[in-house]
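Asker: Predicted model follows, preceded by the sequence.
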Amino acid sequence: MRIPKKPLVTVAAVSSLVLGAWAPSAAAHHRTATPVGVWAAELDFGGQTVHVRQQYRADGVLCHEVEAPGVPHGMSEGTWKKKGQGAFGYKLTELFIDELGQVHGRAEMRGSAILMGSQFNSLHSSTVYDASGTLVSSGTETITFSRVTRPVPPCDVAPVGS
């Protein structure tokens, strides 16, 4: 008597078929592995909370917005570049401008970041200069940004430096 061969279906095989149907394609994953969108972080500068929002556009433009109580609103434009799957770098120069439009200094900033879902960690370096170009401070720290839906207003400043 001959026993017909039947396909062996395991729970793992069924699970992989079901999960495969629900999992995003590699192309979809690749599309989402860039920082394009709006991100926010809160930083503590000597007891003062500073709110930072960054909007990364697909064309490589970075719009950087800073708000803190009692400090004029800051807006800067920079650039960003993809450096591999989920990794990117950015750079910008933020001018410190008062209500009358006077420049009181600048911060040159660079970051190297890794995306992790709805957050990214950036190894962020900044060098701060006063209005005459004298070095005031510099440092590097890790900053965690979270994805947000609130759009950043269009950068209404020309890029400063490179």
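Answerer: Cool, got the structure.

Asker: Can you list the low-confidence ranges for the chain?
Answerer: Along the chain, segments meeting pLDDT under 70 span 1-32, 72-73, 150-162.

Asker: what about 80?
Answerer: For the chain, the stretches with pLDDT under 80 are 1-33, 45-46, 70-75, 98-99, 149-162.

Asker: Tell me where it has strands.
Answerer: Under the criterion DSSP state E, strands of the chain are mapped to 37-45, 48-56, 61-68, 71-84, 87-97, 103-116, 119-130, 135-148.

Asker: Give me the residues contacting stretch 101-119.
Answerer: Here stretch 101-119 makes contact (C-beta atoms under 8 Å, 6 or more residues apart in numbering) with 33-35, 64, 78, 83, 86-98, 120-131, 136, 143-147, 160-161. C-beta here means a position set from N, CA and C on the backbone, and glycine is covered the same way.

Asker: Could you check it and say which residues are buried?
Answerer: 105, 106, 107, 108, 109, 110, 111, 113, 115 (16 or more other C-beta atoms under 10 Å).
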